[in-house]
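> coords below, sequence missing:
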Ligand SMILES: C=C1C[C@]23C[C@@]1(O)CC[C@H]2[C@@]12CC[C@H](O)[C@@](C)(C(=O)O1)[C@H]2[C@@H]3C(=O)O
Ligand SMILES: O=C(O)CCC(=O)C(=O)O
Ligand SMILES: [Fe+2]
């Protein structure tokens, strides 16, 4: 049995009215077995910053092996799980998201994929986990990272940028600052959210990195924003992956790709489990619009390092527009 410390409505404010939620007619879906998927990839990144990937070639067995281990981890007692916390930012967290007071109906495990820089922390966390979880996690991340690189190369092709590894090399770099997150949204009782309102699992935000690869079980909850105040519910599909364009890719494409604003609503009946790989660049990498995407246009963003962006992100609240302070104004 999974236990989250019980909130009362008074100490747990994230409930919202979901009037403006629409069921999306079709989520842009990229079939990776199709030879010419690059145009759809580019179109989806421009219009939504979001798409679904099918026929990805990642064995379903690899996914379910990790899911089984993850369910086992979240089924441990709260005190057992808390031995892997608090998240600083890595480790086990419960309800509190980030360092600035954001909360959600979620528990999670946040891990850095930079083994070298955080070997100490990883050893502390991993030391506490069954070997089976570590091995399933490593195999899964390797496969998902490969797919993320393949997608980034399709994006470069579709944008006619050379070399085609201009984005993917940042994830392939040994110093790549990539993160892996396991989220568990337990069902909440109708009593916990009042008058038909929804309980926020993970508040609205954009992902700061280059690309995020999300896989969830068959429980709904993920929504993406259309930017006009309406939200689209993404039908879950446990056999597919969902891709988010991150802020850094928005900058590198000079705003041509949009980092997608998204959120998760908790479910009153079923648990949602999600696993997300956030592909990020090395800390010292300079992030700026690629010259070939600026030609003849103005550059929309100032150059910054990933370290600078992360530092400012960790001072922000989840829902803040983190890119605004890096936008170029007429005077800069
Ligand atoms: C409130 C926060 C949590 C977050 C760091 C931040 O200060 C702002 C960005 C948040 C986010 C969103 C995407 C990922 O889940 C995440 C790991 C990331 O890189 O940026 C989280 C951060 C977090 O939970 O530590
Ligand atoms: O759990 C999900 O489905 C999405 C969570 C998310 O957006 C995040 O962890 O950044
Ligand atoms: Fe996210």
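Ah, there it is. Computed from a predicted model, the values in this text were never measured in an experiment. Numbering: from 1, shown residues only. Ligands and ions are numbered 1, 2, ... in the order given.

> can you name the element that comes right after the longest helix anywhere in the chain?
For the chain, the helix with the greatest residue count under DSSP state H is helix 131-158. Next along the chain after helix 131-158, taking DSSP states H and E as the criterion, comes helix 168-172.

> strand partners of the next helix or strand after that next one, parallel vs antiparallel please.
Note on helix 168-172: by DSSP H and E, the next helix or strand toward the C-terminus is strand 179-185. If you go by DSSP bridges, strand 179-185 pairs up with strand 102-112 (antiparallel), strand 272-279 (antiparallel).

> show residues contacting strand 179-185.
Residues outside strand 179-185 that contact it (CB atoms under 8 Å, 6 or more residues apart in numbering): 2, 70, 73-74, 105-113, 137, 141, 201-202, 209, 219, 221, 264, 266-267, 271-278, 280. Any C-beta I mention is one placed from the backbone N, CA and C, and that applies to glycine too.

> tell me which helix or strand the residue positioned nearest the centre of the chain sits in.
Nearest to the geometric centre of the chain sits residue 212, at 4.6 Å (CA atoms, centre = their mean). Using DSSP H and E, residue 212 sits within strand 211-216.

> against residue 56, how distant is the closest residue to ligand 2 within the stretch 201-332 of the chain?
Proximity of the stretch 201-332 of the chain to ligand 2 (CB to the nearest ligand atom) peaks at residue 274, 3.4 Å away. Residue 274 sits 16 Å away from residue 56, going by CB to CB, to the nearest Å.

> picking up where we left off before, so the residue nearest to the centre of the chain touches residue 243, yeah?
Yes - using CB atoms under 8 Å, residue 212 is in contact with residue 243, at 7.0 Å.

> spit out the residues that contact the two alike.
Counting by CB under 8 Å, 6+ apart, residue 212 and residue 243 have no contacts in common.

> what parts of the stretch 151-300 of the chain come near ligand 2?
181, 183, 202, 207, 214, 216, 222, 262, 264, 274, 276 (CB under 6 Å from any ligand atom).

> what residue ranges in the chain score low on pLDDT?
Within the chain, the ranges that satisfy pLDDT under 70 run 1-25, 115-130, 191, 193-196, 330-332.

> what about ligand 1: which of the contacts of strand 179-185 touch it?
110, 278.

> drop anything exposed from the contacts of strand 179-185.
Buried subset of those (neighbour count, 16 or more other CB atoms under 10 Å): 70, 73-74, 105-113, 137, 141, 201-202, 209, 219, 221, 264, 266-267, 272-278, 280.

> now residue 63: which helix or strand?
Using DSSP H and E, residue 63 sits within helix 60-74.

> next, the buried residues of that helix.
For helix 60-74, burial by neighbour count (16+ other CB under 10 Å) applies to 63, 65-67, 69-70, 73-74.
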